[in-house]
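Asks: Below: sequence and its predicted model.
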Amino acid sequence: MSGESAGNALDATTRDFANGQKVFSRYTLIKTLGRGGMGVVWLAHDDELERNVALKFLPELIVHDRAVLGDMKRETRRSLDLTHKNIVRIYDFVHSDQSGCISMEYVDGDTLSNLRADKPHKVFEPHDLNEWTSQLCDALDYAHNHARIIHRDLKPANLMVNKRGDLKVSDFGISRSLSDSVSMLTMEQGRSGTLVFMSPQQLDGERGSHLDDIYSFGATVYELLTSKPPFSSGNVDRQIREKIPPPMGVRRKELEVEGEPIEETWERVVAACLAKDPARRPQSFAEIAQKLEIASPKTVRAQQAAAPKTKIAALIPKVAALQSNQTAMIGGAVAGVLAAGLAIWYFGFHKSTPKSATVPIPPAPLAVVQSASTSAVDQSTSAALGGVILKTTPRGATVTLGGMETGKSPVTFKGIKAGKYPLRISLEGYAPVEREVEVKAGQFVDLGTITLVRNSDMADRAKAVIDHQQTRTEPSPNPPVSTDPNAQPVVPLNDFSGG
């Protein structure tokens, strides 16, 4: 390392690695995912566990300092405790005399920073962020209150969205440790985090607090909704400490950003998160979710678990009313079926007859589908939760599971507690479908495509049943006649035999 500047040392990180190369006798490199001042990230295949992972290689400056390398190992071990479905999992810390890297979950997706840049007006609208913000609040609430870990570098570039549309928080604790370690080795005055998203306290080097993450959350949302962080030019340090940023709606006008008016609720919450005094900020991410009037996934799961107990009773009279309306609509056909059924029962038939006007639709076979993006570690941490996927023909049917309406088909239910739930599918002009679905822990139940039957088709089927029964119960056209005037009339046996 002699004669080489710190900057060159950072740039030297794994620059000689190539696609297809095997490192640490375990990982086969596939392609680079990104490169920055703190190292290179590669997509690699873990040959032992047979899965793709992201390898974040450390600067050589750190690898050659045993004391700093030990600190990095300890920080990585702490991150192993973060086992939340919306937090990128850390798998391992591996190193040799020449290089070192952190193995972590590979997220097949993009960052919110890049997704924002792809929007037509280069900004998100608040309603675009509702679900992701809900997942982010749940992940950070878990990290702060259960794992006791602060992120310290929250920003759009560290928030990823996978192909399933789920948010993933990356670099928990890693960026902070790398920045601190490099700052110490190069004698630079480094700060944990990215300047424009730092709280005033973080800027001054004070001991980290979960309230720093809350400030960074406010700065992150500010950028996602306006295209710029609260302070991005001039003396940013001084502005963070002293200046109040304009409301997001005003900033949009300053930047000539087109978009919808920003709801007052989002303006108030983001402004509170950016308060200079930590005591004036929301004190938890659960409080932020409450103030934004968005439910965290934790709350949604609790509601879904309670739904079968609290809503099935309310669902029964609704189903009965729907069946009553359906019966009235079919009218004479239904009455004919019931009359035929009573007649058949009375005369001793033993074959079953339709019990209602609804033509039963056989349940589709349940195919358990495991999400390809879920790692073995993630499966163990979310073992109590499952999901349901279904489509309908035609599309657009209203689907409810356990009394919780989710919208129009095709639909996917996620984060559901294992158990049995009533499923209902309805679409105007079609017979409703009702069945029970068993949700299994850690799995998605794929019901496939359920074909709905038109009410007119159902009436035709009912009429066909009536015609069939009438044909079977008509007397023989030429019954035998006795010549004995005192004999009793002979009734053909086939009138009673059912065949």
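Replies: Structure received.
Asks: so is residue 223 in a helix, a strand, or just coil?
Replies: With DSSP: H, G, I helix; E, B strand; the rest coil as the basis, residue 223 sits in helix.
Asks: Neighbouring strands of the host helix or strand of residue 447 in the sheet, and parallel or not?
Replies: Element membership for residue 447, per DSSP states H and E: strand 444-451. Paired with strand 444-451 in the same sheet, following DSSP bridges, are strand 367-369 (antiparallel), strand 385-393 (parallel).
Asks: Out of the ones you listed, which is closest to residue 73?
Replies: Closest to residue 73 of the strands paired with strand 444-451, according to C-beta to C-beta: strand 385-393, at 31.8 Å. (C-beta placed from N, C-alpha, C; glycine too.)
Asks: which non-adjacent residue is nearest residue 133?
Replies: Leaving aside its chain neighbours, residue 133 sits nearest to residue 294 (6.0 Å; criterion: C-beta to C-beta, 6 or more residues apart in numbering).
Asks: Can you report how many residues lie near that neighbour?
Replies: 20 (other C-beta atoms under 10 Å).
Asks: shaky segments in the stretch 101-250 of the chain?
Replies: Scanning the stretch 101-250 of the chain for pLDDT under 70 picks out 173-193.
Asks: Which residue ranges of it form helices?
Replies: Ranges of helices in the stretch 101-250 of the chain, per DSSP state H, counting those that start in this stretch, are 112-117, 126-142, 174-186, 200-203, 210-226, 236-242, 248-254.
Asks: Mind putting those into TSV with mean neighbour count and distance to residue 52?
Replies: Listed next are these as TSV, based on neighbours: other C-beta atoms under 10 Å; distance: least, C-beta to C-beta, whole Å:
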stretch	mean neighbour count	distance to residue 52
helix 112-117	17	20
helix 126-142	21	22
helix 174-186	21	19
helix 200-203	20	34
helix 210-226	25	28
helix 236-242	16	38
helix 248-254	17	38
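Asks: Out of these, which is closest to residue 87?
Replies: Closest approach to residue 87 among the helices of the stretch 101-250 of the chain (C-beta to C-beta): helix 126-142, 5.1 Å.
Asks: by how many degrees do that closest one and helix 210-226 diverge?
Replies: 160 degrees (axes from the mean of the first three to the mean of the last three C-alpha atoms, to 10 degrees).
Asks: which strands and helices sit next to helix 126-142?
Replies: strand 159-162, strand 167-169, helix 210-226, helix 285-291, helix 297-330 (3 or more C-beta pairs under 8 Å, 6 or more residues apart in numbering; DSSP states H and E).
Asks: hmm, 6 Å instead?
Replies: Applying 3 or more C-beta pairs under 6 Å, 6 or more residues apart in numbering; DSSP states H and E, we find helix 126-142 packed against strand 167-169, helix 285-291.
Asks: Would you mind giving these as TSV with distance to residue 262 and mean neighbour count added?
Replies: Shown next, in TSV, are the helices and strands packed on helix 126-142 (distance: least, C-beta to C-beta, whole Å; neighbours: other C-beta atoms under 10 Å):
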stretch	distance to residue 262	mean neighbour count
strand 167-169	21	22
helix 285-291	15	20
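Asks: Can you lay out these as a markdown table showing distance to residue 33?
Replies: Shown next, in a markdown table, are those (distance: least, C-beta to C-beta, whole Å):
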| stretch | distance to residue 33 |
| --- | --- |
| strand 167-169 | 14 |
| helix 285-291 | 28 |
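Asks: mind checking the end-to-end distance for stretch 217-235?
Replies: End-to-end distance of stretch 217-235: 21 Å, with C-alpha to C-alpha, to the nearest Å as the criterion.
Asks: swap in stretch 403-417?
Replies: Stretch 403-417 has an end-to-end distance of 14 Å (criterion: C-alpha to C-alpha).
Asks: still on that earlier bit, so which of the helices of the stretch 101-250 of the chain comes closest to residue 80?
Replies: Nearest of the helices of the stretch 101-250 of the chain (C-beta to C-beta): helix 174-186, 11.8 Å.
Asks: Okay, domains of this structure per the record?
Replies: Listed by automatic domain parsing, the domain ranges of the chain are 1-106, 109-294, 298-330+360-371+382-452.
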